[in-house]
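Undergrad: one predicted model, sequence on top.
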There are 2 protein chains.
Amino acid sequence: MLTEDAFASLTKYWDNGMKEFFKVTDLKRVLEYRTEFPQVDTEEIPLLETVGRILAEDIVADVDLPDFPRAIVDGYALQGASTFGASEGNPAYLNVTGSIAMGESPELTIGPGEAVRIATGGMLPQGANGVVMIEHTEAIDDATIEAYRSIAPGQNMISIGEDIKKKSRVLMQGQMIRPQEAGLLAALGRQKVAVFQKPIIGIISTGDEIIPINETPNLGQIRDINSYTLTGLIHEAGAQAISFGIVRDDFETLLEKCKLALNQCDMILISGGSSVGTRDFTVDVLSALEDAKILVHGISISPGKPTILAKVQNKAFWGMPGHVVSSMIVFSRVVRPFVKHFSGQTHGQEKEHRLNAILTRNVASTQGRVDFIRVRLRQEEDKLCADPVLGKSGLISTMVFADGLVEIDINTEGLDKGTEVQVIPM
Amino acid sequence: MLTEDAFASLTKYWDNGMKEFFKVTDLKRVLEYRTEFPQVDTEEIPLLETVGRILAEDIVADVDLPDFPRAIVDGYALQGASTFGASEGNPAYLNVTGSIAMGESPELTIGPGEAVRIATGGMLPQGANGVVMIEHTEAIDDATIEAYRSIAPGQNMISIGEDIKKKSRVLMQGQMIRPQEAGLLAALGRQKVAVFQKPIIGIISTGDEIIPINETPNLGQIRDINSYTLTGLIHEAGAQAISFGIVRDDFETLLEKCKLALNQCDMILISGGSSVGTRDFTVDVLSALEDAKILVHGISISPGKPTILAKVQNKAFWGMPGHVVSSMIVFSRVVRPFVKHFSGQTHGQEKEHRLNAILTRNVASTQGRVDFIRVRLRQEEDKLCADPVLGKSGLISTMVFADGLVEIDINTEGLDKGTEVQVIPM
């Protein structure tokens, strides 16, 4: 946009000289603002839908798992002592007194020198404390076997509570549910689980040059790319996206749209231009909302400096940069941690996956800000190479070509070719 | 299970001695069987739903992106030549002849020594080939500025086609759509996109000792964990899961259930026991289906050896191991690549994310098979440590504690403490 208002802002900015540059906030400080915002409410959902969601309750086992001793091989349940010293040359002889039916509690009892047939998953009878594998036995007749191995108590079986002990806290609120956590909840018979709701994140596109994707742009117009990249990133972050469409650069219209979004969302992204006029305009609109406080007006990162964060009635409003690459990087490195916070995810956040790779070119950087370099990964024999992707931050093609980002911290002037770097997948 | 049939199998197996062990198939060979199966059909879906899906068409740009020259900074559009040699001490003087409205094609033309105000995203007028940033100018009066930088042609702007060239193939069939690919499709005005359907994967649980999770197990019974871990893994792999419930170990019942699943699914997982009886029973049932061929009867991996793969009427039927850890690992390392193949994903598969970490204990392994070791990741100062997670493959708690797997290849006897390993996240 560059309406009369915008021109006024641009001029005001120009009159202020370079002062704006000194107001930017450190990335670290920006991320600390997370704690100013509340977590979303919780809900109970069916177990089958929980994978990827954040647990909203501590889970304490109400039973031992397993609650009976189980065989984990096919063979013969017995008293380990009956086999002590047994070997190929000196087998132990055992009387086979029966067999175990699956899913039932055996009524027979095992004494010294006795064995019963058992399959994987079967319940060990009273008196038995181990299982000899069928491969390590030979049948002499219908009622007698030779065993060629010495079986220690507890061998080839799972004891009561060996998996999970009754009354132990097995999962914690704030943990993401993976398939294995869903399996554990199934083992405990949990058909419904309390999880945090998916945060609802609104997207408001602004800019007089932006048109919906179903329209054909005139010269000077471009289609609304950022709504689509941001929606994808929001979904990947485990949240829901609502698009509020494209708003003309008009104060009242944007103000009304912000109020509407405030009612429906936990967080709102205003995807606007990167021009100073647009930024100031966004700040003016946000400031006009009730109970609003501008927390951040520029971040010392590149790309992504022209990012605004406001707290409005306990909700986070972001003024996102307009360049598509900047917008994606700001979402990934700045907004996403806030989404995780809103989502209730308090455990395991530190385990973000980064891939070690060798940088294949020198990369320059500026001290005093965090730089994010796009890279493309390439396997070369047994090492992973990260080729820097050059190109302006307005080019979506560079993100399509890239596989991830390399972060260059605030105190580093650049990275040399051959440096081992950690790549954040994108 | 250990019905009469199972006992018969167990005995038959025992009679065969150790022969079964020599029939196992190499992991590499198992994965090659993927190409025996067809890909799923394609469908057209709205762009907003495409992230995570596999593209089923090549995308060729029908326009240049951008199709007009755009400013990427706030400042003045001009002819670069008008500023050549300009510096702080020797500014260039320019006549400001107007300003550019956003989203419109400017009618004015720039000549030598002329400049127009332009904001980020604005269209450069005829004659202009660069933009000087407002920070590098000073207004002398309403119609004149000083510029302190020499602007090269193309500087601070995006030229026509600089992002995407018309007629270039920008995306390929078989590629996964990430947020940035969705953004590119938006830029091209694609409201609907052809993608591969999500494969439908059926789960049939077998075992007389298995009960639904809403029931309270008697002694000897356990709840159906594997249906839940597998459903989660299926969803994570981008497919749909259908549960066919728990089937008693009865030939006719399982056969009928398999026929039902065959009609509704692209792939079927029979989650059964690891006992030899169960395995042989599963093989017998699969062999009884029309047009069935058993491709794999055991894989040289640990855990997960007792895994069966059959091809039935162009669909893949798996006999999954019963131990929960084995079942999850087999899905992740063996079944998932088949899911990707069914899904049409032919590009980017090689870019599986593995995390470099330092192994903190010696780990033993057996030559002649691929071992998968569970590990828990821990950040220690600036290095990532992988602590091996010990415990039997029937213990779900070990997977809850673990963050990933380390693969020990077929020719390696073990790994020493301190080795740098690559962790497959799970």
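TA: Right, received. Where do you want to start? Numbering: from 1, shown residues only, chains lettered A, B, ... in the order given.
Undergrad: where does the stretch 51-200 of chain A get nearest to chain B, which residue?
TA: Closest approach between the stretch 51-200 of chain A and chain B, counting by CB to the nearest CB: A:Pro179, at 3.0 Å. The way it works is simple: take the backbone N, C-alpha and C, and place the C-beta from them, glycine included.
Undergrad: got a pLDDT number for that residue?
TA: Looking at A:Pro179, its pLDDT reads 98.
Undergrad: for A:Ile118, same thing?
TA: 95.
Undergrad: for it, what are its contacts?
TA: Neighbouring residues of A:Ile118 by CB atoms under 8 Å, 6 or more residues apart in numbering or on different chains: A:Ala71, A:Asp74, A:Gly75, A:Tyr76, A:Ala77, A:Ser99, A:Ile100, A:Leu124, A:Val131, B:Leu2.
Undergrad: quick one, which of the residues you listed are buried?
TA: A:Ala71, A:Asp74, A:Gly75, A:Tyr76, A:Ala77, A:Ser99, A:Ile100, A:Leu124, A:Val131, B:Leu2 (16 or more other CB atoms under 10 Å in any protein chain shown).
Undergrad: secondary structure, distance to A:Thr109 and pLDDT for those - can I get that in a markdown table?
TA: Converted to a markdown table, the buried ones among the contacts of A:Ile118 look like this (DSSP: H, G, I helix; E, B strand; the rest coil; distance: CB to CB, whole Å; pLDDT from 0 to 100):
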| residue | secondary structure | distance to A:Thr109 | pLDDT |
| --- | --- | --- | --- |
| A:Ala71 | strand | 16 | 96 |
| A:Asp74 | coil | 21 | 93 |
| A:Gly75 | strand | 18 | 95 |
| A:Tyr76 | strand | 15 | 97 |
| A:Ala77 | strand | 11 | 97 |
| A:Ser99 | strand | 14 | 93 |
| A:Ile100 | coil | 12 | 93 |
| A:Leu124 | coil | 11 | 98 |
| A:Val131 | strand | 16 | 98 |
| B:Leu2 | coil | 19 | 45 |
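Undergrad: so which of those residues comes closest to A:Gln264?
TA: Nearest to A:Gln264 among those: A:Ala71, at 55.7 Å, using CB to CB.
Undergrad: is it true that the closest one touches A:Val131?
TA: Yes: in this structure A:Ala71 lies within contact range of A:Val131 using CB atoms under 8 Å: 4.8 Å.
Undergrad: shared neighbours of these two, which are they?
TA: Shared contacts of A:Ala71 and A:Val131, defined by CB under 8 Å, 6+ apart, are found at A:Ala77, A:Ile118, A:Leu124, A:Asn156, A:Met157.
Undergrad: picking up where we left off before, okay, the buried ones among the contacts of A:Ile118 in CSV with distance to B:Asn214 next?
TA: Converted to CSV, the buried ones among the contacts of A:Ile118 look like this (distance: CB to CB, whole Å):
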residue, distance to B:Asn214
A:Ala71, 26
A:Asp74, 30
A:Gly75, 33
A:Tyr76, 35
A:Ala77, 30
A:Ser99, 30
A:Ile100, 26
A:Leu124, 27
A:Val131, 31
B:Leu2, 25
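Undergrad: so which of those is the closest to A:Val60?
TA: Closest to A:Val60 out of those is A:Leu124 (26.9 Å), distances taken as CB to CB.
Undergrad: what is the neighbour count of the nearest residue to that closest one once chain neighbours are set aside?
TA: Ranked by CB to CB, 6 or more residues apart in numbering or on different chains and with sequence neighbours excluded, the top spatial neighbour of A:Leu124 is A:Pro69, at 4.1 Å. When counting by other CB atoms under 10 Å in any protein chain shown, one arrives at 21 neighbours for A:Pro69.
Undergrad: quick one, grab the pLDDT at A:Pro69.
TA: On the pLDDT scale, A:Pro69 is placed at 98.
Undergrad: residue contacts, it?
TA: Neighbours of A:Pro69 in contact, by CB under 8 Å, 6+ apart: A:Met123, A:Leu124, A:Ala128, A:Asn129, A:Met157, A:Ile158, A:Ser159, A:Ile160.
Undergrad: output the shared contacts of A:Ala71 and A:Val131 as JSON lines; include the columns distance to A:Ile222.
TA: Output for the shared contacts of A:Ala71 and A:Val131, formatted as JSON lines (distance: CB to CB, whole Å):
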{"residue": "A:Ala77", "distance to A:Ile222": "73"}
{"residue": "A:Ile118", "distance to A:Ile222": "70"}
{"residue": "A:Leu124", "distance to A:Ile222": "70"}
{"residue": "A:Asn156", "distance to A:Ile222": "67"}
{"residue": "A:Met157", "distance to A:Ile222": "67"}
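Undergrad: how close does the residue nearest to A:Leu124 sit to B:Ile225?
TA: 18 Å (CB to CB, to the nearest Å).
Undergrad: ok, now A:Ser168?
TA: Using CB to CB, we find A:Ser168 at a distance of 17 Å from B:Ile225.
Undergrad: more crowded one of the two?
TA: Taking neighbours as other CB under 10 Å, A:Ser168 and B:Ile225 compare with B:Ile225 leading, 27 against 13.
Undergrad: right, and the more buried one touches A:Leu185 too?
TA: No: taking contacts as CB under 8 Å, B:Ile225 lies outside contact range of A:Leu185: 9.3 Å.
Undergrad: end to end, how far does stretch A:61-79 reach?
TA: 30 Å (CA to CA, to the nearest Å).
Undergrad: what about that stretch, distance to the chain center?
TA: 35 Å (CA atoms, centre = their mean, to the nearest Å).
Undergrad: stretch A:260-270 too?
TA: Chain-centre distance of stretch A:260-270: 23 Å, with CA atoms, centre = their mean.
Undergrad: which parts of it are buried?
TA: The neighbour-count check on stretch A:260-270 (16+ other CB under 10 Å) flags A:Ala261, A:Leu262, A:Cys265, A:Asp266, A:Met267, A:Ile268, A:Leu269, A:Ile270 as buried.
Undergrad: pretty sure A:Phe251 contacts A:Val285?
TA: Yes: contact criterion CB under 8 Å: A:Phe251 and A:Val285 qualify, at 6.2 Å.
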